[in-house]
Every structure is written in structure tokens, then in C-alpha cells.
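Asker: sharing a model prediction with you, sequence too.
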Amino acid sequence: SAVTFLKAAGQPEQITTLAAEYEANTAGPNSVALSWAAPDMHDGIPIGYKVYRNNGDGGPVSAYADPTCGMDTRPAPQRCTISGLQRGRTYRFQIVAINEIGESIRSVEQEFRAAAVPAKITVLSNPSALSDPTSALRFEWDAPNDRGAFVNKYEGELEQLTEVGVPSPSPVSTTIKDTTDRFLELGSLASAEQYRFRVRGYNDVGPAAGSDWGWSDWTSTTRTAAGNSPAGWTLGRPDAPTNFGRAVQGLEGLPPGYPVANAISVGWKGTPSVDLGGDDVANCEYEVYAGLSDASMVSQGYVAGTDGHPDVGGQTHHFTYPGLVPGTRVYFQVYTWNRAWRSLEAITPPLDLIAATKPDAPNITSVTSTGGSTVNVVWTYPVDDGGAPILGYDLSYGSIPGDAAKTQSIADPGLTNAGLDLGASGASEQVWIRARSDAGYSDWDEFVYTT
């Protein structure tokens, strides 16, 4: 008879390692990603694998293999995805290994859910804290795609990036577990420090213990252009600067001969240290906007908080917009910044100024008594208004002009005479006048009145 050769091999061992990979990219609400370890093939040549399942209705596992696995003639890799399932339903699975001798017995039935771990959270913000912003931070996020299983809790991680306001070489991390809300407010934090936060969702299938799956990106630590977010800093919003207007003559650092016709300088009083939202003045600055209209203003840059000068007329800081054609009107606005926040816009509305020099002084032509201590002062209109309309005049008397008790303001720029009370009937006095325009004040003109 013919010689028959028989291989010394057996059927594959039963698979005992079937598992669902809920973190796999192919897992989802209508699929189950499976994996397993190759069993002992008992010296047979590996051929492939077959996966069997039920209909997810509690019934028996089918006698027919699921074709979506596609591993019938592929021995590796030991994983496949069963697709076409009903969202979130639980199915029972079995698997067999195939070699040249035959099939293994089916694995023990196991239940897996058509689902995956929640998707990565993509919308995470850091609005202002509801409590004291110098010791608390608030974080909010949108619910992620649950991928077939209800998201039942969230886990957050907070990292302190600075120590005493300086970047720390070893950031301190704190884990916040099992929060069910889509926001988190953390109080009792160190003031004037920067933090960042990330979050991930959990559902019934994961993430698994020890897994790093699903974390959102860290919250931004870069301040926004609008200055409307803490950027992780435990700081409040600073107050706006005050006394914002055309820079007062005499303020240090103004252009020579100020005011000049081809530039406009604006000035303001720096925000007091106690009103900087908890930050130090060394970390604060002022942002100046300018444009030919209210709507066209753009940032012109920053003036450091430490670049202040001795107070003159209620102003300590200034900014000059150069290169203007005389007579050009420019709109200005200024904000205070700390390391995160910008002061509110409404506190310093846009200022409309004109590029001009100070006007010539009006000329007093006569001072005559009108009875008692009152005199009538007559003057001529300034020869040159400097490029800006005259807004009014100041009348004063005494050896030095400008004493508030001896000065009165004339609001009508069209007047060329007005009464002035000298305060002492029949006294001889020095009488003074100066013009006031959008560009500033003229020099004083003096007239010696003798009874």
C-alpha cells in the first residue's frame, strides 16, 4: 500500500485571553475592538481565527462566525474589530483559533459592550472665578462624545507652574477625582501664582486604572488679546488708569517744545498698586490704542508700569503718537494690564484729540473799574490758535497767576471781555489771561491795573 505521512501536531489550545480594547482607535458606539494572545498551536501551522457573537439581545451565541473580524486566514495580528453593532448594546463573544489540523474549542463566553472610552474633551476654558479671583480659579468644559456609554464622572489635574510668581522647575500637580459637574471652582489657592488644568471623562468602560487615555489639552497660560481670562493666574482685574487726556505740559519725557503740531501725547495717572488685581507694578503695563476713528483704533504698544514720572497735573505716564499732519484728529484709549487681565474698556472711553501746538496768548488791552472790587477785562483773540480751536480762557489776578481762589474760567471762546472780581475794592493788581484749546494752554498775558 502507499505510504501515508502524518504530522505530529494537534488542534490549537483554547483561547483564554479574549479582551475588549475600549481605548483602541477602532472602538466606538457601534463596534467592539477585540484582542487576544496567540494560544499554543501544538506544532500546527497557524491559519487564523474566528469570532462568534450573539445579537446583543441576551440570546445564544451564533453558530456562524462574524465576518467583520476578517481573521479567518490571517494568524496575525491577534486583534480585530467587530462592527455593525447597535449603539451601546452588550454582546456575548467567543473565539476559536485555527491551524492546519483544525479548530480549537470555543473560548468561554464573555460580554463586551459596543462602546469606547469617552472622546477627548476639546472645549475647556478658564473664566474668572466666582469667588475671590486672587485665591480661586474656575474651569468649565463641554461634555465629550460618550462613544456609546454615558459619561458618569470627570477627573481633573491641576498643576502649579510658578512659585512666588516665578516659573517653578518642579511644578506641583494635584488630582481632582470623581466630579460630576462640567465645571470646577478651586479655592484657597496661592495668590499671584499661575496654574494650568486638564480634564478627562469616564464612562462604564474606562479609561482603565493607570491609563493616560483621554486627557484634554492643558488650559492656555497665555493671556488673551482682550484680557478677559485669568490665563491660569490667581489675579483679579486691574483698575483702569485715571486722568486720561492730553499729556500735561511739564510731564517728564515729552517731546521738546511740547505740544508740537506733528504729534499728540496722551497722559494718565498710573493705577495704584492696591488696584492692580493682586499683581506687582513690575509685572503691569499700559496698552495704548489709537486710530483716525473710534472704530479703527489699534494697539500702539505698551508702556511699562515702572516707566512712571513724578506726578504733574495728576498724570504720571505718557505716550506719544508721532508723524502726524498738523490738524489730524486721532482717537486714543488706554488700558491697564497685569499678567492676565486688562482693565475694563468702559472706564476709559475713547479720547478725541487734534495734532496742534499750544495757542498764542490773548492780549489784554484794557482793565476798567465797574464799581466796587469788580473790573471789566478786555482782550484780543489769540493771533494763532495753534491748529486747534480755542475752547475758552482763564482770568486770574495776583503776583502769580493760576491761584484757584483768584482764577475764573471763561467757557465761551467767542468772548473778548469779562468781569473779574479782584477781591479788594479799589486795589491795584496784576491781571492775567490765558487761552485754552484742545492742545493745551497758551502762555499767560499780564496787565497791570492801577486804580
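Answerer: Thanks, I have the structure now.

Asker: my read: Glu157 touches Ile176, true?
Answerer: Yes: look at Glu157 against Ile176 with CB atoms under 8 Å: they come within range, at 7.3 Å. C-betas here are computed from N, CA, C, even on glycine.

Asker: against Pro349, how distant is the residue nearest the centre of the chain?
Answerer: The residue lying closest to the centre of the chain (CA atoms, centre = their mean) is Thr224, at 3.1 Å. Relative to Pro349, Thr224 is positioned 22 Å away (CB to CB, to the nearest Å).

Asker: how about His42?
Answerer: His42 is 87 Å from Pro349, by CB to CB.

Asker: of the two, who's got more company?
Answerer: Ranked by neighbour count (other CB atoms under 10 Å), His42 and Pro349 place His42 first, with 14 against 11.

Asker: the more buried one and Ser104: what is the separation?
Answerer: For His42, the distance to Ser104 - CB to CB - is 9 Å.

Asker: between the two, what contacts are shared?
Answerer: Counting by CB atoms under 8 Å, 6 or more residues apart in numbering, the contacts common to His42 and Ser104 are Gln11, Pro12, Glu13.

Asker: now list the buried members of the residues you listed.
Answerer: Gln11, Pro12 (16 or more other CB atoms under 10 Å).

Asker: tell me where the stretch 51-200 of the chain has strands.
Answerer: Along the stretch 51-200 of the chain, the segments classed as strands by DSSP state E, counting those that start in this stretch run 79-82, 90-99, 110-113, 124-125, 137-141, 153-163, 166-179, 183-186, 195-202.

Asker: could those be laid out in TSV, adding mean neighbour count?
Answerer: Shown next, in TSV, are the strands of the stretch 51-200 of the chain (neighbours: other CB atoms under 10 Å):
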stretch	mean neighbour count
strand 79-82	20
strand 90-99	22
strand 110-113	17
strand 124-125	16
strand 137-141	21
strand 153-163	18
strand 166-179	11
strand 183-186	16
strand 195-202	22
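
Asker: how many residues are close by the spatially closest residue to Leu161 that is not a sequence neighbour?
Answerer: What sits nearest to Leu161 in space, not counting adjacent residues and going by CB to CB, 6 or more residues apart in numbering, is Gln194, at 4.7 Å. The burial count assigned to Gln194 is 25, neighbours taken as other CB under 10 Å.

Asker: which strand residues bridge Gln194?
Answerer: Per DSSP bridges, the residues bridged to Gln194 are Trp233.

Asker: any idea how far Gly56 is from it?
Answerer: Gln194 is 49 Å from Gly56, by CB to CB.

Asker: same question, Ala263
Answerer: Taken as CB to CB, the span from Ala263 to Gly56 is 78 Å.

Asker: what do you get for Leu395?
Answerer: 95 Å.

Asker: likewise for Ala149?
Answerer: Where Gly56 is concerned, Ala149 sits at a distance of 14 Å (CB to CB).

Asker: ok, Glu140 next?
Answerer: Taken as CB to CB, the span from Glu140 to Gly56 is 36 Å.

Asker: before we move on, what about Ile354?
Answerer: Counting by CB to CB, the gap from Ile354 to Gly56 is 78 Å.

Asker: tell me the spacing between the closest residue in space to Ile390 that isn't next to it in sequence and Val61.
Answerer: Spatial nearest neighbour of Ile390, chain neighbours left out: Pro413 (4.2 Å); criterion: CB to CB, 6+ apart. Separation of Pro413 from Val61 (CB to CB): 98 Å.

Asker: the more surrounded of Leu395 and Gly56?
Answerer: Looking at Leu395 and Gly56 with other CB under 10 Å, you find the greater number of neighbours at Leu395, namely 22 against 16.

Asker: Ile433 is in contact with that one, correct?
Answerer: Yes: Leu395 is within contact range of Ile433, at 5.5 Å (criterion: CB under 8 Å).

Asker: please identify every residue contacting each of those two.
Answerer: By CB under 8 Å, 6+ apart, the residues touching both Leu395 and Ile433 are Val377.

Asker: pLDDT-wise, which helix or strand of the protein ranks last?
Answerer: Within the chain, confidence by mean pLDDT, DSSP states H and E is lowest for strand 440-441 among all helices and strands, at a mean of 87.

Asker: next structured bit after that strand?
Answerer: Using DSSP states H and E, the next helix or strand after strand 440-441 towards the C-terminus is strand 445-449.

Asker: neighbouring strands - and their directions - for that following strand?
Answerer: Strand 445-449 has these strand partners (DSSP bridges): strand 429-437 (antiparallel).

Asker: which residues sit against the strand it pairs with?
Answerer: The contact list for strand 429-437 (CB under 8 Å, 6+ apart) reads 356, 358-362, 364, 367, 375, 377, 379, 382, 385-386, 388-399, 401, 409, 420, 422, 441-449.

Asker: all helices of the stretch 301-450 of the chain, in order?
Answerer: Remark: helices of the stretch 301-450 of the chain are absent; assignment by DSSP state H, counting those that start in this stretch.

Asker: quick one, strands of it?
Answerer: Going by DSSP E, counting those that start in this stretch, the stretch 301-450 of the chain shows strands at 317-321, 329-337, 351-354, 363-371, 374-380, 390-397, 407-410, 417-421, 429-437, 440-441, 445-449.

Asker: adjacent strands (with direction) for the third one?
Answerer: Here strand 351-354 has these sheet partners by DSSP bridges: strand 329-337 (antiparallel).

Asker: relative to strand 317-321, how tilted is the strand it pairs with?
Answerer: Counting by axes from the mean of the first three to the mean of the last three CA atoms, to 10 degrees, strand 329-337 points 140 degrees away from the direction of strand 317-321.

Asker: using CSV, write out every CA atom in strand 329-337.
Answerer: Extracted as CSV, the C-alpha positions of strand 329-337 are listed here (Å, rounded to 0.1, in the frame of the first residue of the first chain):
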residue,chain,number,x,y,z
ARG,A,329,-7.7,114.2,14.7
VAL,A,330,-6.7,111.0,16.5
TYR,A,331,-8.7,108.8,18.9
PHE,A,332,-7.0,107.3,21.9
GLN,A,333,-7.7,104.7,24.6
VAL,A,334,-5.6,103.3,27.3
TYR,A,335,-5.9,100.1,29.4
THR,A,336,-4.1,98.7,32.4
TRP,A,337,-2.7,95.1,32.2
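
Asker: list the buried residues in that strand.
Answerer: For strand 329-337, by 16+ other CB under 10 Å, it's Val330, Tyr331, Phe332, Gln333, Val334, Tyr335, Thr336, Trp337.

Asker: nearest to Thr162 among those residues?
Answerer: Trp337 (17.6 Å; CB to CB).

Asker: count the neighbours of the residue nearest to that closest one when sequence neighbours are not counted for me.
Answerer: Nearest residue to Trp337, sequence neighbours excluded (CB to CB, 6+ apart): Glu285, at 5.1 Å. Other residues within reach of Glu285, judged by other CB under 10 Å, total 19.
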